[in-house]
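J.: Pasting the sequence and the predicted coordinates here, then a few questions.
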Amino acid sequence: MRMKIRLKTIMAGPQGTAGPGDVIDLPEAAALVLLKSGQASLAPRERVRPPAERATAEPAAEETVATPAAPPARRGTRRRKQRKPER
């Protein structure tokens, strides 16, 4: 059986990486080790809404994200040739 847990710390291994707040699906034995050591908490189950409620739900408002202005173009970054010393 598998369990979904929410990490409180960073976890990395051969299967990948996950950070604090990430919800991951692990085998029960591995999940229980993390839960008992305080490194994770049980993830809340997602509530399944009935079809009628899904149809009446309002769509999420689109968020506008301000894009940062492009940095000014760099000028004069080309190196000049070094002069050969005079003999």
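T.: Looks like it arrived, so ask away.
J.: Determine the longest helix present in the protein.
T.: What stands out as the longest helix in the chain, according to DSSP state H, is helix 28-36.
J.: name the helices or strands packed onto the helix or strand just after that helix?
T.: As assigned by DSSP states H and E, the chain's next helix or strand after helix 28-36 is strand 40-42. Using 3 or more CB pairs under 8 Å, 6 or more residues apart in numbering; DSSP states H and E, the elements in contact with strand 40-42 are strand 2-7, helix 28-36. The way it works is simple: take the backbone N, C-alpha and C, and place the C-beta from them, glycine included.
J.: what residue ranges in the chain are flagged as low confidence?
T.: 47-68, 71-80 (pLDDT under 70).
J.: quick one: the helices in it?
T.: Listed in chain order, the helices of the chain (DSSP H) span residues 28-36, 51-56.
J.: now for the helices and strands packed on strand 40-42, which one comes closest to residue 86?
T.: strand 2-7 (67.3 Å; CB to CB).
J.: Pull out the buried residues from that closest one.
T.: Buried residues in strand 2-7, counted by 16 or more other CB atoms under 10 Å: 3, 5, 7.
J.: try stretch 31-44
T.: 31, 34, 40, 43.
J.: now those as TSV including distance to residue 83?
T.: Putting the buried residues of stretch 31-44 into TSV (distance: CB to CB, whole Å) gives the following:
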residue	distance to residue 83
31	69
34	65
40	65
43	68
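J.: Just flag the most distant two among these.
T.: Applying CB to CB across the buried residues of stretch 31-44, the maximum distance is between 34 and 43, 11.6 Å.
J.: Mutual contacts of the two, please.
T.: Contact criterion CB atoms under 8 Å, 6 or more residues apart in numbering; residues shared by residue 34 and residue 43: residue 5.
J.: give me the number of residues near residue 11?
T.: 19 (other CB atoms under 10 Å).
J.: and it, what are its bridge partners?
T.: residue 18 (DSSP bridges).
J.: How much space separates it from residue 43?
T.: 14 Å (CB to CB, to the nearest Å).
J.: same question, residue 27
T.: Distance from residue 27 to residue 43, by CB to CB: 15 Å.
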